[in-house]
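>>> A structural model of the following input is requested.
(2 chains)
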Amino acid sequence: MSRLFQFVRQWKPIIKEGFSQSFLIAKFLCLLHVTNTHVCTPVLVYGPSMLPTLNLTGDVVLVEHLSQKFGKVGPGDVVVVRSPENPRKTVTKRIVAVEGESVTFLVEPALSDRSHTVVVPRGHVWIQGDNIYSSRDSRQFGPVPYGLILGKAFWRVWPPDAFGSLSQE
Amino acid sequence: MSLQVFRHWIPTVKDAFDRTLMVAKFFCSLHVTNTFLCTCALAMGPSMLPTLNLTGSLVLVERLSIRFGKMASGDVVLIRSPEEPRKVVIKRIVGVEGDAVGNEEATAVVPKGHIWIEGDNKHNSRDSRQFGPVPYGLLEGRVFWVMWPPEDFGSVGRKVENISLESSAGCQKT
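The predicted structure follows:
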């Protein structure tokens, strides 16, 4: 019994120190998470649907969440959106039109010249990839509710030769 | 002599700073709990009668089911409105992806990644019958308990309670 007490007394300061260090790390991760969710976060985007703006093999862009909360995201912005087809996936596309505007788009540009016109309903946005030949976007899954927009991509960090702001086209 | 005045105030300022930090840490942990575990919501309106009151029910909303993909047909959920992105509404899930929803007049299959929501009060509810299936990504939480009014205190189940319309105050009669 006394050996147990001795053991505990020996380890107590180390355990205490372990706890306080873990708390410090937990507080840092908390702060990092809050910043990532509510202010700004880096995102790795890859795929052909936003060529030539974003690379095929992967770009790291900074995404800010403040514009979306204040309703300041509009046509021409590159946004990160939760996919309406697979809620665990996020996609990066450009907003082409917002609620009330009418969009004319090529349904299948690789196959035909047929175009279609749609009015974007209230509370929704119309997103399209810059590379319309190889992009799955609102032309396939329809207008997307504004609530699915996660943030606006405003700055490219990687690759270093393309470092700079993602200006409107 | 101004330096002495300055030194006089330092402990008070330090004390105020420490207390503010403590309050900030409390709000931080409250925010994290609200966002990831469980939060309260005030539900108002006629669309979920008789499950929830017209004039306001305080409900508890848990956020774990969405993250683990455990939402199923029959759950009462908090969902961001597809028509007004700043508004959050409470409805019941009637169909998930792949289900066929509808009545004798019209049937629809819920597409992949979407859910079909309807209010319990079919005569006075704006839901998927008007704005179509809603993407799963708009779900905010699952309502599992009613805290107020006291006569409604209790869990919120997967089935609509069967009480007669005449005994429900404020309900619209056909």
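
>>> CA only for contacts and neighbour counts going forward, please
Will do.

>>> beta partners of B:V88?
Note on B:V88: beta-bridge partners by DSSP bridges are B:R80.

>>> name the nearest residue to A:G142, sequence neighbours excluded.
A:W126 (7.4 Å; CA to CA, 6 or more residues apart in numbering or on different chains).

>>> could you confirm whether stretch A:96-106 reaches chain B?
No: using CA under 8 Å from any CA of the partner chain, stretch A:96-106 stays clear of chain B, coming no nearer than 9.6 Å.

>>> how about the host helix or strand of B:T33: buried residues?
B:T33 is located in helix B:2-36, with elements delineated by DSSP states H and E. Along helix B:2-36, not one residue counts as buried under the neighbour rule (16 or more other CA atoms under 10 Å in any protein chain shown).

>>> given the helix or strand just after that helix, what are its sheet partners and their directions?
Next helix or strand after helix B:2-36 toward the C-terminus (DSSP H and E): strand B:38-43. With DSSP bridges as the test, strand B:38-43 is paired with strand B:57-62 (antiparallel).

>>> so for the partner strand, mean pLDDT?
Taken as a whole, strand B:57-62 has an average pLDDT of 91.

>>> send the alpha carbons of it over as CSV?
In CSV, the C-alpha atoms belonging to strand B:57-62 read as follows (Å, rounded to 0.1, in the frame of the first residue of the first chain):
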residue,chain,number,x,y,z
SER,B,57,-40.8,25.8,-28.1
LEU,B,58,-37.4,25.6,-26.7
VAL,B,59,-35.7,22.5,-28.1
LEU,B,60,-32.3,20.8,-27.7
VAL,B,61,-30.5,20.1,-30.9
GLU,B,62,-27.6,17.6,-31.2
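
>>> can you name the helix or strand that the residue nearest to B:G113 when sequence neighbours are not counted falls in?
Distances taken as CA to CA, 6+ apart put A:E85 closest to B:G113, at 4.4 Å, once the chain neighbours are dropped. Secondary structure from DSSP H and E places A:E85 outside every helix and strand.

>>> spell out which parts of chain B neighbour chain A.
Near chain A, when you scan chain B using CA under 8 Å from any CA, you find B:80-86, B:112-114, B:135-138.

>>> out of these, which is nearest to A:K16?
Ranked by distance to A:K16 (CA to CA), the residues of chain B next to chain A are led by B:G137 at 41.8 Å.

>>> are any of the residues of chain B next to chain A buried, and if so which?
Buried by 16+ other CA under 10 Å: B:R80, B:S81, B:P82, B:E83, B:P85, B:K112, B:G113, B:H114, B:P135, B:Y136, B:G137, B:L138, out of the residues of chain B next to chain A.

>>> the second one contacts B:I117, correct?
Put plainly, it is B:S81. No: the pair B:S81 / B:I117 is not scored as a contact, 11.0 Å apart, by CA atoms under 8 Å.
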